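Novice: Show me the folded form of this:
(2 chains)
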2 protein chains.
Amino acid sequence: MPTPPNPYAPNPRDLLSNVTRFQIIESTLREGEQFANAFFDTEKKIEIAKALDDFGVDYIELTSPAASEQSRSDCEAICKLGLKAKILTHIRCHMDDARIAVETGVDGVDVVIGTSSFLRQYSHGKDMNYIAQSAVEVIEYVKSHGIEIRFSSEDSFRSDLVDLLNIYKTVDKIGVNRVGIADTVGGANPRQVYELVRTLKSVVSCDIECHFHNDTGCAIANAYTALEAGATLIDVSVLGIGERNGITSLGGLMARMMTADRDYVLSKYKLHKLRDLENLVAEAVQVNIPFNNPITGFCAFTHKAGIHAKAILANPSTYEILRPSDFGLTRYIHFANRLTGWNAIKSRVDQLNLQLSDSQCKEVTAKIKKLGDVRSLNIDDVDSIIREYHAAVAGPSTASLFVDEIDN
Amino acid sequence: MPTPPNPYAPNPRDLLSNVTRFQIIESTLREGEQFANAFFDTEKKIEIAKALDDFGVDYIELTSPAASEQSRSDCEAICKLGLKAKILTHIRCHMDDARIAVETGVDGVDVVIGTSSFLRQYSHGKDMNYIAQSAVEVIEYVKSHGIEIRFSSEDSFRSDLVDLLNIYKTVDKIGVNRVGIADTVGGANPRQVYELVRTLKSVVSCDIECHFHNDTGCAIANAYTALEAGATLIDVSVLGIGERNGITSLGGLMARMMTADRDYVLSKYKLHKLRDLENLVAEAVQVNIPFNNPITGFCAFTHKAGIHAKAILANPSTYEILRPSDFGLTRYIHFANRLTGWNAIKSRVDQLNLQLSDSQCKEVTAKIKKLGDVRSLNIDDVDSIIREYHAAVAGPSTASLFVDEIDN
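Specialist: As a prediction, the model looks like this:
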């Protein structure tokens, strides 16, 4: 059977879609530094920056040099590394911060200011006129130094739409490289994201960058939907680390985008380095890789139920949308459990280089399932049962009991 | 300022939306049993079923009684518990399985069959006519026993749309209670889900149930979008455990739905039991709660950057879309780090019941940030600096150095 067309490929009617030409702004060294457990010393920051650059991220975003003296000198040190990735720093919409930022040698400055009524009242206390004035001043100053500038609202989805579009239009006219939308509290949902990005796309001519928190579990989906609506750049961090439970994760976005355009992703990013990169950051912030992490979670490519194992053995695409080999990983057929099927056991028999007929495999599968009902099985248990059975039938040929495949 | 209307509430133009009247089909004891590490003995299954029932889930789905002898007797035992939740079992579209299922005493049967070209070729090898015939036979048999019946396709998003709508229309006419859509390989994205559910909604009159795998990180967002398009029932498991990296998690869905309709969620589900429920299942399958888990991840309600801490102290809604107290949890302002701001330190000074002026708090914050640049800080470090500073200034009044708030 020829491979059918990919039903997850971008919809050709989506004329706004940028899912096949997205870019990554990697923020482990900015948003990630706001993760509860994060403390990166200079050496660790440089190690992470080099690893991100080697992976192929388009931009690396660093903590504001105004945050602390060490933040400033680390920013300068990373700028001097000569990485392929462009180096950004993330500052408040304030001339004091902008002056410090442009002196560090960064390729671009990401400016942010809270525009929601919540942040305007309880954070900085400024009105939209003040915001627009500061934005213009900061943007023109940064541009005069010949480096990239992004202007982002904070808490965009709880901001007044007209206020938002007004300020984006203003900064677009001055000539920012990008405007940013941020779901700072992690409450946005995909269709809401699609609407806002599409509307913004009709108002500005510059690129659109999006930043999604994951409080309600939508950070990866929102990123994808934003690209469909015309955004080009997505903020991510390794393992999604950031404020609270974090943002869109680099690995999660890779999983998502591989489904849409595998060739593009493989041409840009070294996916087989993802696991090392995640381990590097996990160790630095003292967390474990979540058991259910996309791609690198211990069970991401483990197949258990008999009916799944059977089909996977015939054609991996049946139950896998991602190919483990693309990430330097391997598939695992879990056969040591009571949901196992005889196809999985047959595959194990072959791995053990033993000779058993199909009906014999079915018979030994029944024995394994019976023990699996009594207790948790490990591979050794199954191998012992198979070897014992094989030894028993190896001599005189045995009339085999036919055991139905009972998996679900 | 009066509380502004919730921008994450359901869009009143979405006439199809069921986000304010969804139901949960809890599948930890079926999909969850397919998780690599899962082995639930009878006692554990009963403990989990009771906890789910107490939490308030609408349905509890169990492994097919055809999977193994123990699966059958466990299913019978759970049916006899007299829980408020309806008990379902999940079977292949096959009369042998259906006969065993109806004898267990379940309230309903969930029938599934693979309809994609992948599964038709590599799994069961049947064509659509055969599938329709088996479906009709199984459905009429189950209905004749007076219990609920759901018919679901498997791998729905890689199935031919006309084939799908044909079979759904057929089973709807016979009178199934629900039809199911399953993203079996976890590749679907939200807008695709919206389209398929909306189309299906125009073809059938029964309820629509959805099942989303999380391979590409969209399981929670897809569930929400399916409800927006007219689905009513979502399959979940505790911590999302299931085949590979699992499905929509119960906690993740709760976080998502709380954002849309807090009153409805609070009226139906005992959210303060979520943490215990997750711990029960995590322990049973020997995994840790992921550090970034929605709601219960260790940092879900931890605020670190100075600017966040400042605003949170003024009004928690600034950086929180969920209220930790709704889940029996508490907020934590992380102040022992170099990104801290003087508002967070002032709050700590108050907690310690010490008297320092604002300018004194700014001065001690500068000292803390300086040490935070050198090494990772813990609470004791910060408290020592504060107490030392307080002791020094407590005597004669000191002229305070004004230290600018420098947080990002």
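Novice: Moving C-terminal from the one helix or strand A:Ile312 maps to, which element do we reach first?
Specialist: Assigned by DSSP states H and E, A:Ile312 falls within helix A:306-314. Later in the chain than helix A:306-314, the nearest helix or strand by DSSP H and E is strand A:332-333.
Novice: roughly how far is that following strand from the heart of the chain?
Specialist: Put simply, strand A:332-333 sits 24 Å off its chain's centre (CA atoms, centre = their mean, to the nearest Å).
Novice: Pull the residues that contact it.
Specialist: A:Phe301, A:Thr302, A:His303, A:Ala309, A:Ile312, A:Leu313, A:Ala344, A:Ser347, A:Arg348 (CB atoms under 8 Å, 6 or more residues apart in numbering or on different chains). Glycine gets a C-beta too; all of them are placed from N, C-alpha and C.
Novice: any idea which of those is least confident?
Specialist: Across the contacts of strand A:332-333, the bottom pLDDT score, 73, is held by A:Ala309.
Novice: so who does A:Asp160 touch?
Specialist: A:Thr115, A:Ser117.
Novice: Output the below-cut-off pLDDT ranges for the stretch 201-350 of chain A.
Specialist: A:306 (pLDDT under 70).
Novice: can we see that at 90?
Specialist: A:286-288, A:297-321, A:329-350 (pLDDT under 90).
Novice: can you give me the helices in it?
Specialist: Using DSSP state H, counting those that start in this stretch, the helices found in the stretch 201-350 of chain A span residues A:219-228, A:250-260, A:262-268, A:274-284, A:306-314, A:342-351.
Novice: what's the burial count for the closest residue to A:Thr248 other than its chain neighbours?
Specialist: Take A:Thr248 and drop its neighbours on the chain: the residue closest to it by CB to CB, 6 or more residues apart in numbering or on different chains is A:Ala219, 4.2 Å away. Using other CB atoms under 10 Å in any protein chain shown, A:Ala219 has 32 other residues around it.
Novice: Most neighbours among the contacts of strand A:332-333, which one is it?
Specialist: Going by other CB under 10 Å, A:Ala344 tops those with 30 neighbours.
Novice: and that residue, how far is that from A:Asp380?
Specialist: As judged by CB to CB, to the nearest Å, A:Ala344 and A:Asp380 stand 16 Å apart.
Novice: A:Asp54 now?
Specialist: From A:Asp54 to A:Asp380 the distance is 39 Å (CB to CB).
Novice: more neighbours, the two?
Specialist: Set side by side, A:Asp54 and A:Asp380 show more neighbours around A:Asp54, with 15 against 9, by other CB under 10 Å.
Novice: Check which helix or strand the more buried one maps to.
Specialist: If you go by DSSP H and E, A:Asp54 is part of helix A:42-55.
Novice: List the buried residues for that helix?
Specialist: By 16 or more other CB atoms under 10 Å in any protein chain shown, the buried positions in helix A:42-55 come out as A:Lys44, A:Lys45, A:Ile46, A:Ile48, A:Ala49, A:Ala51, A:Leu52, A:Asp53, A:Phe55.
Novice: Just put the residues you listed in TSV and tack on pLDDT.
Specialist: Shown next, in TSV, are these (pLDDT from 0 to 100):
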residue	pLDDT
A:Lys44	97
A:Lys45	98
A:Ile46	98
A:Ile48	98
A:Ala49	98
A:Ala51	98
A:Leu52	98
A:Asp53	98
A:Phe55	98
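Novice: List just the nearest of those residues to chain B.
Specialist: A:Lys44 (11.0 Å; CB to the nearest CB).
Novice: Can you give me the distance of the closest residue to the closest one other than its chain neighbours to B:Asn279?
Specialist: Spatially, and ignoring its direct neighbours in sequence, A:Lys44 is nearest to A:Ala284 (5.4 Å; CB to CB, 6+ apart). Using CB to CB, A:Ala284 is found at 27 Å from B:Asn279.
Novice: Neighbour count for these two, which is higher?
Specialist: More neighbours surround A:Ala284 than the other of A:Ala284 and B:Asn279, with 21 against 14 (other CB under 10 Å).
Novice: Measure how buried the closest residue to A:Ala221 other than its chain neighbours is and give me the count.
Specialist: Residue nearest to A:Ala221 in three dimensions, not counting chain neighbours: B:Ala221, with 3.1 Å by CB to CB, 6+ apart. Close neighbours of B:Ala221, defined as other CB under 10 Å, add up to 30.
Novice: Quick one: residues contacting B:Ala221.
Specialist: Applying CB under 8 Å, 6+ apart, the residues contacting B:Ala221 are A:Asn189, A:Pro190, A:Gly217, A:Cys218, A:Ile220, A:Ala221, A:Asn222, B:Pro190, B:Arg256.
Novice: which ones are touching the fifth one?
Specialist: This points to A:Ile220. Going by CB under 8 Å, 6+ apart, A:Ile220 touches A:Asn214, A:Thr248, A:Ser249, A:Gly252, A:Leu253, A:Ala255, A:Arg256, A:Pro294, B:Thr216, B:Gly217, B:Cys218, B:Ala221.
Novice: what do you get for the last one?
Specialist: Contacts here follow CB under 8 Å, 6+ apart; on that basis B:Arg256 touches A:Asn189, A:Thr216, A:Gly217, A:Cys218, B:Ile220, B:Ala221, B:Ala223, B:Tyr224, B:Pro294.
Novice: want to try TSV for the residues you listed, with distance to A:Asp207 as columns?
Specialist: TSV is the format used below for the contacts of B:Arg256 (distance: CB to CB, whole Å):
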residue	distance to A:Asp207
A:Asn189	23
A:Thr216	26
A:Gly217	27
A:Cys218	22
B:Ile220	28
B:Ala221	24
B:Ala223	31
B:Tyr224	28
B:Pro294	30
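Novice: Which single one of these is nearest to A:Ala98?
Specialist: Ranked by distance to A:Ala98 (CB to CB), the contacts of B:Arg256 are led by A:Cys218 at 32.5 Å.
Novice: Return the distance of the closest one relative to chain B.
Specialist: To chain B, A:Cys218 is 4 Å away according to CB to the nearest CB, to the nearest Å.
Novice: Do I have it right that that residue meets B:Tyr224?
Specialist: Yes - if you go by CB atoms under 8 Å, A:Cys218 and B:Tyr224 touch, sitting 7.2 Å apart.
Novice: quick one, which of the two is more surrounded?
Specialist: The neighbour comparison of A:Cys218 against B:Tyr224 (other CB under 10 Å) goes to A:Cys218, with 35 against 29.
Novice: Now do that one against B:Thr225, distance only.
Specialist: Distance, A:Cys218 to B:Thr225, using CB to CB: 9 Å.
Novice: Could you name every residue contacting both of these two?
Specialist: Residues within reach of A:Cys218 and of B:Thr225 at once, by CB under 8 Å, 6+ apart, are A:Asn189, A:Pro190.
Novice: so A:Phe327 sits right up against A:Leu274, yeah?
Specialist: Yes - proximity of A:Phe327 to A:Leu274 meets the contact threshold set by CB under 8 Å, at 5.8 Å.
Novice: Mind listing the shared neighbours of the two?
Specialist: With CB under 8 Å, 6+ apart, A:Phe327 and A:Leu274 have common neighbours A:Ile295, A:Thr296.
Novice: And chain A, what are its domain boundaries?
Specialist: A:23-284, A:302-407 (automatic domain parsing).
Novice: quick one: which of those is nearest B:Arg338?
Specialist: Judging the domains of chain A by CB to CB, what sits closest to B:Arg338 is domain A:23-284, at 4.7 Å.
Novice: where do the strands sit along chain A?
Specialist: Using DSSP state E, the strands assigned to chain A run over residues A:23-26, A:59-62, A:86-92, A:108-114, A:148-154, A:178-183, A:207-212, A:233-236, A:302-303, A:332-333.
Novice: Please identify which residue in the stretch 251-400 of chain A comes closest to chain B.
Specialist: A:Pro290 (3.2 Å).
Novice: most neighbours per residue, which of the domains of chain A?
Specialist: The highest average neighbour count among these, using mean count of other CB atoms under 10 Å in any protein chain shown, belongs to domain A:23-284 at a mean of 22.
Novice: residues from the stretch 1-150 of chain A in reach of chain B?
Specialist: A:1, A:4, A:7-8, A:11, A:33-37, A:39, A:41, A:63-64, A:66-71, A:90-92, A:97, A:117-119, A:121-123 (CB under 8 Å from any CB of the partner chain).
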